[in-house]
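K.L.:
The sequence and its predicted three-dimensional model are supplied below.
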Amino acid sequence: MDLGAELDEALRLLAAGRDLLLERPHDETAPAALRARDWDDALGAMDDEALAAAERDPAGWLAVHGPAELRPLAGDAAALIARHREPPADPRPQGAALHVAARKKTQIGAFVEVLTELEGAERVVDFGSGHGHLTRALGEALRADTLGVERDPALVARARELGGRFVRADAEGFALQPGDVVVGLHPCGSLGDALVRRAREAGAHVLMVSCCFQKVPGPERTWLAERAAGFALPRDVLGLANLAPRSFRNSGSLEAKRGWRQNRLAVRRLLLARGIPLGPGDEGRGVTKERFRAGLADAAARSLERRGLPPASEDELRTAAAEAARIHARVARFALPRHALARVLELAIVLDRAVHLEEAGWAAEVRTLFSPETSPRNLAVVGRAPA
């Protein structure tokens, strides 16, 4: 299946499940989309063993065991996802710096392998270069002219201390040229779109693995490919593309992640009990993942503090934790159809970027660059500019 056809398929699946995507389960009541389709009873009756299996592969499990009317949608999603499974083995780690994590070295190794295939590259430009680990490693491995572009002045200063060429600029303001290879290792949200757009305007090659798809200005993302024109999803739905049904190395087990989600749900119950109106996901605004990982007390303290509210009492925390434990069992089951479309949503955005290049004559492809144990955000756009 070519890129355009894959993008069409991904958008079709997302359109078919749009009502599932728009309503995020957050309490014991099944979302309206599930009730309308009569899926709520079957999902709510799942035992814990079935839930654990389903959470590891929502689309694949629902395609076989889900409500009969859900199976075709889940099956088509599973088939699309299966075409972009991880490679058989991770590439050789790259990056000599001792303070670069092993997972990062493996990701750098994958970039080196792909970039050796791009002939005629005159300069490697790393957008969102941060501390410059990727920039320096690519320069050493490829013996190429490399430049890091970063808008945060503190990160630029630190990168220069560590060695290499770095400039302070953003993607919109930096001048690219034909023969450049534009790279990005996990550029967030709109930066990924800008990277592809600017490369196409300049006639540059592209190698990018994206993340944090919801970080876009405005209420929704603007799709790039002509064939995706008119398609839209709200910004808060785009965050679903970050879902990682498998645990990557040193990130904590899936069981631990369930605990973090339960802490988040407990904070939501605490805020609602205080009379705070909340939209989808509002309980997590301004509270880092590390806070939820640290425990309910820490996350609740930060959430209340940023709203100018007094700290929670021990009784409030116990009540919120008990309510969250009871509700989480239902929420996890009701979220499965939505989670079955998470990787499809990620694929749709990545394919949209690749097709945007292909429509202008680039030889574009989407590759699974490394295993999800290295990073669940592992889908790369590789684009070779026309001669």
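P.N.:
Alright, I've got the coordinates. What you see is a predicted model, and the numbers here were worked out from it, not measured in a lab.
K.L.:
Surely residue 343 is in contact with residue 57?
P.N.:
No. Checked against C-beta atoms under 8 Å, the pair residue 343 and residue 57 is beyond contact range at 9.9 Å. In short, each C-beta sits where N, CA and C put it, glycine included.
K.L.:
neighbour-wise, which of those two wins?
P.N.:
Each of residue 343 and residue 57 has its neighbours counted (other C-beta atoms under 10 Å); residue 343 has more, 25 against 18.
K.L.:
List the buried residues in stretch 215-227.
P.N.:
215-216, 221, 223-225, 227 (16 or more other C-beta atoms under 10 Å).
K.L.:
what's around residue 299, how many residues?
P.N.:
Neighbours of residue 299 (other C-beta under 10 Å): 25.
K.L.:
So what touches the helix or strand harbouring residue 59?
P.N.:
Assessed by DSSP states H and E, residue 59 sits inside helix 58-65. Applying C-beta atoms under 8 Å, 6 or more residues apart in numbering, the contact partners of helix 58-65 are 50, 53-54, 70-71, 74-75, 77-78, 81, 245, 336-337, 339-344.
K.L.:
In JSON lines: the buried residues of stretch 215-227, plus secondary structure.
P.N.:
Below are the buried residues of stretch 215-227 laid out as JSON lines (DSSP: H, G, I helix; E, B strand; the rest coil):
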{"residue": "215", "secondary structure": "coil"}
{"residue": "216", "secondary structure": "coil"}
{"residue": "221", "secondary structure": "coil"}
{"residue": "223", "secondary structure": "coil"}
{"residue": "224", "secondary structure": "coil"}
{"residue": "225", "secondary structure": "coil"}
{"residue": "227", "secondary structure": "helix"}
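K.L.:
Mind putting those into a markdown table with distance to residue 18?
P.N.:
Shown next, in a markdown table, are those (distance: C-beta to C-beta, whole Å):
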| residue | distance to residue 18 |
| --- | --- |
| 215 | 22 |
| 216 | 18 |
| 221 | 15 |
| 223 | 15 |
| 224 | 20 |
| 225 | 19 |
| 227 | 18 |
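K.L.:
and which of those is nearest residue 125?
P.N.:
Relative to residue 125, the closest of those is residue 224; by C-beta to C-beta it sits at 19.5 Å.
K.L.:
List the residues that contact the residue nearest to residue 288 when sequence neighbours are not counted.
P.N.:
If the residues on either side of it in the chain are set aside, residue 288 comes closest to residue 302, at 7.9 Å by C-beta to C-beta, 6 or more residues apart in numbering. Neighbour list for residue 302: 286-288, 291 [criterion: C-beta under 8 Å, 6+ apart].
K.L.:
Number of residues surrounding residue 72?
P.N.:
12.
K.L.:
what's the helix or strand for it?
P.N.:
According to DSSP H and E, residue 72 maps onto helix 71-82.
K.L.:
and that helix, which residues are buried?
P.N.:
Neighbour-count burial for helix 71-82 flags 73-78, 80-81 (criterion: 16+ other C-beta under 10 Å).
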